[in-house]
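*Asks:* Got a predicted structure plus its sequence, pasted below:
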Amino acid sequence: MIAKTKNKTETKNVSIEPIRVTSMAVKIVGTSSLLMEKMSEETKQELQGIFEGKGREKKKVRDFEAETHKKIHLTDKGVPGFPASGFKKAIVEGAVYMEGMDKKLARSIVVRGNIIPINFKKQVINQAMGRDSGIRRSPRPIWRPEFQDWSCTLDLMFNSSQITEDQVINLIKLAGFHIGVGGWTPQHSGQYGMFTVAA
């Protein structure tokens, strides 16, 4: 690099750390059931109506089974999956539990894809009372799809000049234990959506 001053031109050597892009596939397995709570299109439309000044729609008779099905994230092929952004968020939030790691560095890890397909042994309906992610925040019955014995593979990309493969693996383990994905996770005083790295 050449740096110019008023009186003379100085030449300085600048050392640039190379970016070593590393790809890694990591299989994770659920250590507790996964609850999905995708926001329904009806709720999105109701929110849009409120923003446009149309007010809230009148209450309707609820079809819990239909509501449950609509909360499932689906891939382009129509199979159940979970957003890559959810795993990325868990990894970033879990960074605070690793010594020498911070959220900024953890955020540099790329989780490729949109909806990551999951494998599972059983799908059931989880029934509970609580406040859902919709507009009305008063206590109400919540039916959510629950996936038991689930697993998936994360397609990761990161700069190994700044973060090692071992650190990435440990971050995923910490994210699975302390944060989780989906509904009622450890981060929100629950016990669902926990995972670890497959042996």
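*Replies:* Arrived safely.
*Asks:* Could you look up the SS state of Gly182?
*Replies:* coil (DSSP: H, G, I helix; E, B strand; the rest coil).
*Asks:* Please name the residues that touch Ile109.
*Replies:* Applying CB atoms under 8 Å, 6 or more residues apart in numbering, one finds that Ile109 lies in contact with Lys88, Ile91, Leu156, Met157, Phe158, Ile163, Val168, Leu171. The C-beta positions use only the backbone N, C-alpha and C, and glycine is treated the same way.
*Asks:* rerun that using 6 Å as the cut-off
*Replies:* Ile109 makes contacts with Ile91, Phe158, as judged by CB atoms under 6 Å, 6 or more residues apart in numbering.
*Asks:* in this structure, which spans are helices?
*Replies:* 41-51, 64-70, 84-94, 103-106, 165-174 (DSSP state H).
*Asks:* Can you report how many residues lie near Pro139?
*Replies:* Using other CB atoms under 10 Å, Pro139 has 10 other residues around it.
*Asks:* Actually, Arg107.
*Replies:* Neighbours of Arg107 (other CB under 10 Å): 13.
*Asks:* roughly how far apart are the residue nearest to the spatial centre of the chain and Glu146?
*Replies:* Ranked by distance to the mean C-alpha position of the chain (CA atoms, centre = their mean), the top residue is Gly86 at 0.7 Å. From Gly86 across to Glu146, the span is 16 Å (CB to CB, to the nearest Å).
*Asks:* before we move on, the earlier item: what about the helices of the chain, which gets the closest to Val21?
*Replies:* helix 165-174 (12.8 Å; CB to CB).
*Asks:* how distant is the closest one from the center of its chain?
*Replies:* 16 Å (CA atoms, centre = their mean, to the nearest Å).
*Asks:* how big is the angle separating it from helix 84-94?
*Replies:* Orientation check (axes from the mean of the first three to the mean of the last three CA atoms, to 10 degrees): helix 165-174 against helix 84-94 gives 100 degrees.
*Asks:* quick one: average confidence on helix 165-174?
*Replies:* Helix 165-174 carries an average pLDDT of 98.
*Asks:* Now it: buried residues?
*Replies:* Using 16 or more other CB atoms under 10 Å as the test for burial, helix 165-174 gives Gln167, Val168, Asn170, Leu171, Ile172, Lys173, Leu174.
*Asks:* Surely the fourth one and Ile91 touch.
*Replies:* Yes - distance between Leu171 and Ile91: 5.3 Å, which falls inside the contact criterion (CB atoms under 6 Å).
*Asks:* which residues in this structure form strands?
*Replies:* Taking DSSP state E as the criterion, the chain contains strands spanning 2-4, 9-11, 21-30, 34-35, 81-83, 110-111, 115-117, 122-130, 140-148, 151-159, 195-197.
*Asks:* No further queries at this time; thank you.
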